[in-house]
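*Asks:* here is a sequence with its predicted model. Questions after.
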Amino acid sequence: MLNSSGYIFRETINSMKRNPWLSLASVVTVMVSLVILGYSIFFLANAANMAKSFESELEIGAFVQIEYTPEEVQDLKSQIEQMPGVESVTLVTKEQALEEFGRTIGGSQGNIVSDVGGTNPFPDKLTVKATDPQNVKALASSLESNPGLYKVRYGQDFVDQLLKFTQWLRWIGFGVVAAFGIAAVVLISINVKMNVFSRRREIQIMKLVGASNSFIRWPFLIEGLALGLVGGTFAAVIVGLGYNWITVYVQSTLTFLPVVQNEVLFRQVSIGLLLGGMVMGALGSLFSLQKFLRA
Amino acid sequence: MIQLTNVSKIYPNGARALVDVNLKIGKGNFVFLVGPSGAGKSTLIKLLYREETPTRGQVQINSKNLVRMKDREVPYLRRNIGVIFQDFKLLPNKTVFENVAFALEVIGVAKREVRNRTLATLELVGLKAKETAYPHELSGGEQQRVCVARAIINNPALLVADEPTGNLDPDTAWDIMELLYDINKRGTTIVMATHARAIVNKMQKRVIAIENGRVARDEEKGGYGYDA
Ligand SMILES: Nc1ncnc2c1ncn2[C@@H]1O[C@H](COP(=O)(O)OP(=O)(O)O)[C@@H](O)[C@H]1O
Ligand SMILES: [Mg+2]
């Protein structure tokens, strides 16, 4: 086999030169399918991470009816503090909320009020902390029935929606990746088939002088693998650089969002994409060789 | 060395190419296959290098059974059988040297050995000077010499030839026959299908005539035997 490696390598390069556009198309489809796969994996990892961090939240955000006076708000607060399963209640007044908002967008308070139409649009907010994560849901529903509150937000509620969304995304992502993956395999197999066809004289003579079937197949198999691997490499680079860029962007602008930055996951995804490319390449080659080079 | 026992070949389209053929060819023999077009000569030759398998009967070469042989064993059989054709089957974008070396390269022979053996074989067939020429730069006779070189470079025990002089003028044909004669003298068994009356008559070798897929005549030191 060692003596043949030079021959196999030369043939692989030659065959790629023979159909440059088809080779390019194969590489690009492999790449697209794997880029989508890569981003889907990162997105799902982030969604899962986010779900986990929200799930373990003990806090419930309760928004007070806008027309309540500060005294009424204080009454409501102490009323909720008496409820079973409540650890503590903190009040963020509408003024504090406005101030906070002003800080994040970087202007003075007076300007903001006039900017948003002359009145403070923020409600008073009570942050209710439960004693036990198990109680959060029950506590939230009893708060919802309190006439003093018009909206109740809590982690699991958000988590449920997030999970429903990721479930959808999972299927759509899977479908799109599968569609592109199949297209990639088909293109690679056409690619290999055309090379088998353009080398049919050579193959005929190889068979005549006693080249083994595996020797005849190797260059084609390697060609498919190489196409897949090149596509996979591009995909890994694009997904890697792109994710890095997104991470930096999100961390500097949406500071509250927890972003997954896991070296191990990163490496696994990169290796996975390379392997995915090679598998597509190998499948493409095998499909076409099976038919052409029997016996 | 070669033994055909009750061999019949019917192609999928129903053509009966060979009917109940029995043959024995000894080691070192030189055998002509003659007969009209469509008689079954090429089919018989294809059975010998297992391009085809018989519909019925057994084909044995050096006591190896080609019918029971598995597909993956075929390459090793062919390394011991040289094949030449009327239409040469050279690779147009490879030089003479590369075309001959190809037969060794693709069975994994070391590079150095490929070079030495290729040069020696080109010398044997008288093409040393044309080493770097491409097939289209050669005469028909020279092209056929390249094919012969490619066929014998592995020192096969058997050389089969299907009308190897069919595309050559008589003088060139004789040159090729002299080459085959020399190769046969070195011990290689040769089975050659041909329509070349003069050659068959002059060489005085064993002649097997095939007609309608059957052996019609089998003579030691025979003649071509058909008129006109
Ligand atoms: N591959 C094939 N498929 C179908 N029929 C074939 C094939 N090869 C040869 N034949 C038929 O078999 C018969 C013998 O052909 P062939 O062996 O080529 O004869 P010859 O070489 O003596 O001219 C002919 O009738 C021919 O048409
Ligand atoms: Mg014929």
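*Replies:* Received, thanks. Ligands and ions are numbered 1, 2, ... in the order given.
*Asks:* is it correct that B:R217 is in contact with B:A209?
*Replies:* Yes. Counting by C-beta atoms under 8 Å, B:R217 touches B:A209, with 3.9 Å between them. Where you see a C-beta, it was placed from the backbone N, CA and C, and this is true even at glycine.
*Asks:* more neighbours, the two?
*Replies:* B:A209 (21 against 13; other C-beta atoms under 10 Å in any protein chain shown).
*Asks:* surely that one forms part of a strand?
*Replies:* Yes. Judged by DSSP: H, G, I helix; E, B strand; the rest coil, B:A209 forms part of a strand.
*Asks:* spit out the contact partners of it.
*Replies:* B:A209 makes contact with B:33-35, B:215-218, B:225-226, according to C-beta atoms under 8 Å, 6 or more residues apart in numbering or on different chains.
*Asks:* what's the PyMOL line that selects buried ones from those residues?
*Replies:* Buried residues within the contacts of B:A209, by 16 or more other C-beta atoms under 10 Å in any protein chain shown, are selected in PyMOL with:
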select buried, chain B and resi 33+34+35+215
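*Asks:* so which of the contacts of B:A209 are in strands?
*Replies:* B:33-34, B:215-218 (DSSP state E).
*Asks:* okay if I get the contacts of B:A209 as a markdown table plus pLDDT and distance to chain A?
*Replies:* Formatted as a markdown table, these follow (pLDDT from 0 to 100; distance: C-beta to the nearest C-beta, whole Å):
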| residue | pLDDT | distance to chain A |
| --- | --- | --- |
| B:L33 | 96 | 19 |
| B:V34 | 95 | 24 |
| B:G35 | 94 | 24 |
| B:V215 | 95 | 26 |
| B:A216 | 93 | 29 |
| B:R217 | 92 | 30 |
| B:D218 | 93 | 28 |
| B:G225 | 82 | 31 |
| B:Y226 | 76 | 30 |
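*Asks:* list the buried ones in stretch B:169-189?
*Replies:* B:172-177, B:179-180, B:183-184, B:188-189.
*Asks:* how distant is stretch B:107-125 from the center of its chain?
*Replies:* 20 Å (C-alpha atoms, centre = their mean, to the nearest Å).
*Asks:* please pull out the lowest mean pLDDT helix or strand from chain A.
*Replies:* helix A:109-115 (a mean of 62; mean pLDDT, DSSP states H and E).
*Asks:* the longest helix in the chain is where?
*Replies:* This is for chain A. helix A:155-198 (DSSP state H).
*Asks:* not quite, I wanted chain B
*Replies:* helix B:170-185.
*Asks:* now the next helix or strand after that helix: buried residues?
*Replies:* Downstream of helix B:170-185, the next assigned helix or strand under DSSP states H and E is strand B:189-193. For strand B:189-193, burial by neighbour count (16+ other C-beta under 10 Å) applies to B:189-193.
*Asks:* partners of strand B:189-193, with directions?
*Replies:* strand B:30-34 (parallel), strand B:158-162 (parallel) (DSSP bridges).
*Asks:* now those in a markdown table, with distance to ligand 1?
*Replies:* Below are these laid out as a markdown table (distance: least, C-beta to the nearest ligand atom, whole Å):
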| stretch | distance to ligand 1 |
| --- | --- |
| strand B:30-34 | 8 |
| strand B:158-162 | 7 |
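*Asks:* below-threshold pLDDT in the chain: ranges please.
*Replies:* Went with chain A since none was named. A:1-5, A:7-8, A:11-12, A:15, A:55-56, A:105-118, A:156, A:255-257, A:291-295 (pLDDT under 70).
*Asks:* ah, I was thinking of chain B
*Replies:* B:227-228.
*Asks:* what are the boundaries of the helices in it?
*Replies:* Secondary structure of chain B by DSSP H: the helices cover B:41-48, B:74-78, B:96-105, B:111-124, B:140-152, B:170-185, B:197-203.
*Asks:* export the longest one as CSV, just CAs?
*Replies:* Read that as helix B:170-185. Taking C-alpha atoms only, helix B:170-185 is exported to CSV below (Å, rounded to 0.1, in the frame of the first residue of the first chain):
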residue,chain,number,x,y,z
PRO,B,170,1.3,-7.7,-43.2
ASP,B,171,5.0,-6.7,-42.6
THR,B,172,4.2,-5.1,-39.2
ALA,B,173,2.1,-8.1,-38.4
TRP,B,174,5.1,-10.4,-38.9
ASP,B,175,7.2,-8.3,-36.6
ILE,B,176,4.7,-8.7,-33.9
MET,B,177,4.5,-12.5,-34.6
GLU,B,178,8.2,-12.7,-34.3
LEU,B,179,8.0,-11.0,-30.9
LEU,B,180,5.2,-13.4,-29.8
TYR,B,181,7.3,-16.3,-31.0
ASP,B,182,10.2,-15.2,-28.9
ILE,B,183,8.0,-14.8,-25.9
ASN,B,184,6.6,-18.2,-26.4
LYS,B,185,10.1,-19.7,-26.7
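*Asks:* quick one on the thing from earlier: for the longest helix of chain B, which helices and strands make contact with it?
*Replies:* Applying 3 or more C-beta pairs under 8 Å, 6 or more residues apart in numbering or on different chains; DSSP states H and E, we find helix B:170-185 packed against strand B:30-34, helix B:140-152, strand B:158-162, strand B:189-193, helix B:197-203.
*Asks:* alright, that wraps it up for me.
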